[in-house]
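Chemist: structure of the sequence below:
(chains A and B)
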Amino acid sequence: MKRLVILSGKGGTGKTTVAGALIKLSQSKAYADCDVDAPNLHLITRQNTEPEKKDFYGMPKAEINQDLCVKCGLCQEKCRFDAIKNKNESYYIDSFSCEGCGVCEAVCPADAVKLHKAVAGELSLYRGDGVFSTAKLKMGSGTSGKLVTEVKKGLSQTPQETQLAIIDGSPGIGCPVIASLSGADAVLIVAEPSVSGISDMERIIRTAKHFDVKIAVCVNKYDTNISNTKKIEKFCLDERLPYLGEIPYDIYAQKAINQGKTIAEVDCPSADAVKKIYEQILKIIFIN
Amino acid sequence: MADRNIKIAVLSGKGGTGKTLVSVNLAAAANKSTYVDCDVEEPNGHLFFKPTAVEKEEIFVKIPNVNKDLCIGCKKCVEFCKFNALAYGKELIVFDEVCHSCGGCVLICPQKALTEKEKLIGIVETGISQNVKTITGELKTGEASGVPIIKNLLNKAKNEKGFIFIDCPPGSACTVMESIADADFCLLVAEPTVFGAHNLSMAYELVKVFDKPCAAVLNKTTGEYNPSEDFCGKYGIEIFAKIPFDNELGEINSNGKIAVRENYSNKDLFYDLLVKIKEAVK
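Modeler: Numbers count the residues shown, from 1 in each chain, chains lettered A, B, ... in the order given. Modelled structure (predicted):
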């Protein structure tokens, strides 16, 4: 099974819109939403089954037993994450800042600090025709990279004959993106023809080049700024990256999404454009 | 106001809803203000402000350094490290990229075989763009966490006077929490799709966790049905502005220009929004 990840660097360029369309076009039996911070793919891929839900435990969190605490302040001094606060002469853990490293537990002379398991999100695995793996990070949790890895593990439950898995990624270039890139065969970058979009595209491409993956680029809403679209095309030519085509700004795309559909399910200009991109990405993944 | 500051965090949950558009234009519309770009993974504010008099600082984190002559292979550090950043094969190996710089391994090593060295993870730049002081950061590609850079940015901003606009990263994870923890007011920017509304609900939940006052800005509005507007109505979130989808603004913004500094026909929108924010934080 080959794994295609959809990324963009910048947010809101149309990753989920494109991923949803590719899932429909390929009749994919294996797909995942790795944007655990702001998952949306489930909103346009209707599922007939209830998901299997599972708590995700991220890093543990420290807790101070006030009865045992001798108020020496050593834990606060050694904590690198400013997670130990002092209020009314007693010490307590700010669990949002705590990264669960265990330094406080190790240095406490009174054995007053202990690490506890903490739920950091929820995994959902839908098994219908195929497998759809998604998750939601608990508000304000910090272990999104680890959760992305768990979401991807859900894909291992797909039928053996499955040829292509489609993974919707998250914006940025940090830990969740890096986690979604590991083990991928190809990356489709959905770029946006704005000064911001170009800058972010260059950074995500530099990030993806740290991995052994094929990289291809398409431009969404290309007609909102034709001269920037040309710049993206030229960039790809210079970098020898396959440039797979352009998707127009399309009010029907927004309407389809608000009806809970992928654009591939409606007859519209953006769907036609994605179909061409789909054919090309298949060649890149399976032939070249 | 003259002797203190007001921190406005601009966030959205979803990416690409217009956080940078809103925060850049508000900062430019205010008399004298500070703009902080906390999206260190994909920073864009500097592309609009094109700051001058730029001062650059390199940001380092600490990672362990092994003295192989002193290491006896007791593996206490390997057992301690919750991030699996250390492994022992023939000798002790450090995986820099997963190290969280907690310093635990150095504390725990009975042989004092571990010390710390610095690793460059990115930069912070301060500069000036007319009435705006800009503080922006950039995470090196391949690095996992921009949190130390965000901490540095916010620390630099905290002594500034007047309005401080904090352009948050997308999502609702640790980087966003850092960005809004000290904010006086949160502005939620949402687009008119079910995606926008769903992520607005997540951003709103986060704002509630931190118990911050907030209002919404609806971006890219058309005459069509707007799920984000529905959400605001349902939860009683006041809508401070609606930014219509229009090609004029789209072109200015996609070319990296600041609407209130250009000849944009609807620029009052940002000045009106600023007035509403001023009222709200009084």
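Chemist: the closest residue to residue B:9 other than its chain neighbours: neighbouring residues, count only.
Modeler: Nearest non-adjacent residue to residue B:9, counting by CB to CB, 6 or more residues apart in numbering or on different chains: residue B:183, 3.7 Å away. Heads up, the C-betas are built off the backbone N, CA and C, glycines and all. Using other CB atoms under 10 Å in any protein chain shown, residue B:183 has 23 other residues around it.
Chemist: which residue sits closest to the residue lying farthest from the centre of chain A, ignoring its sequence neighbours?
Modeler: Using CA atoms, centre = their mean, the residue of chain A lying farthest from its centre is residue A:70. It sits 43.2 Å away. Of all residues not flanking residue A:70 in the chain, residue A:110 sits nearest, at 4.6 Å (CB to CB, 6+ apart).
Chemist: now do the contacts for residue B:207.
Modeler: B:11, B:180, B:186, B:188, B:214 (CB atoms under 8 Å, 6 or more residues apart in numbering or on different chains).
Chemist: cutoff 7 Å now
Modeler: B:186, B:214 (CB atoms under 7 Å, 6 or more residues apart in numbering or on different chains).
Chemist: checking it next. Helix, strand or coil?
Modeler: helix (DSSP: H, G, I helix; E, B strand; the rest coil).
Chemist: any idea how far residue A:180 is from it?
Modeler: From residue B:207 across to residue A:180, the span is 27 Å (CB to CB, to the nearest Å).
Chemist: now residue B:39
Modeler: From residue B:39 to residue A:180 the distance is 18 Å (CB to CB).
Chemist: name the nearest residue to the residue in chain B that chain A sits nearest to, sequence neighbours excluded.
Modeler: Per CB to the nearest CB, the residue of chain B with the smallest distance to chain A is residue B:15, at 0.9 Å. Distances taken as CB to CB, 6+ apart place residue A:11 nearest to residue B:15, at 0.9 Å, with adjacent residues excluded.
Chemist: can you check residue B:93 too?
Modeler: residue B:87 (5.0 Å).
Chemist: residue A:173 is in contact with the residue nearest to residue B:15, correct?
Modeler: No. Using CB atoms under 7 Å, residue A:11 is not in contact with residue A:173; the gap is 11.8 Å.
Chemist: quick one, what contacts residue B:14?
Modeler: By CB under 7 Å, 6+ apart, the neighbours of residue B:14 are A:11-12, A:38, B:170, B:195-196, B:199.
Chemist: so which of these are in helices?
Modeler: B:195-196, B:199 (DSSP state H).
Chemist: okay, now residue 224: neighbour count?
Modeler: By default, I'm working from chain A. Neighbours around residue A:224, by other CB under 10 Å: 20.
Chemist: my question was about chain B, not that one.
Modeler: Neighbours of residue B:224 under the rule other CB under 10 Å: 12.
Chemist: which residues touch it?
Modeler: Per CB under 7 Å, 6+ apart, neighbours of residue B:224: residue B:192.
Chemist: and it, its phi and psi?
Modeler: Per-residue torsions, residue B:224: phi -80, psi 170 (degrees, to the nearest 10).
Chemist: quick check: it vs residue B:266, distance?
Modeler: Distance of residue B:224 to residue B:266, given as CB to CB: 19 Å.
Chemist: same thing with residue B:79?
Modeler: Taken as CB to CB, the span from residue B:79 to residue B:266 is 61 Å.
Chemist: ok, residue A:209 next?
Modeler: In terms of CB to CB, residue A:209 sits 41 Å off from residue B:266.
Chemist: of the two, who's got more company?
Modeler: Neighbours were counted for residue A:209 and for residue B:266 using other CB under 10 Å; residue A:209 has more, 15 against 12.
Chemist: contacts only, for the residue nearest to residue B:9.
Modeler: B:7-9, B:166, B:212.
Chemist: how far away is it from residue A:97?
Modeler: Applying CB to CB to residue B:183 and residue A:97 gives a distance of 16 Å.
Chemist: same thing with residue A:221?
Modeler: Residue A:221 is 38 Å from residue A:97, by CB to CB.
Chemist: looking at the two, which has the bigger crowd around it?
Modeler: residue A:221 (24 against 19).
Chemist: OK, contacts around the more buried one?
Modeler: A:192-193, A:247, A:249.
Chemist: quick one: which of those sit in strands?
Modeler: By the criterion of DSSP state E, membership of those in strands covers residue A:247.
Chemist: so which of the contacts of residue A:221 is the closest to chain B?
Modeler: The closest of the contacts of residue A:221, once distances to chain B are taken by CB to the nearest CB, is residue A:193, at 6.4 Å.
Chemist: was I right about the closest one contacting residue A:233?
Modeler: No. Using CB under 7 Å, residue A:193 is not in contact with residue A:233, being 9.7 Å away.
Chemist: which of the two has more residues huddled nearby?
Modeler: Legend: neighbour count by other CB under 10 Å for residue A:193 and residue A:233, higher for residue A:193 (26 against 18).
Chemist: hmm, back to that, element containing the residue nearest to residue B:93?
Modeler: Element membership for residue B:87 (DSSP states H and E) is strand B:86-88.
Chemist: so residue B:269 makes contact with residue B:242?
Modeler: No. Using CB under 7 Å, residue B:269 is not in contact with residue B:242, being 8.4 Å away.
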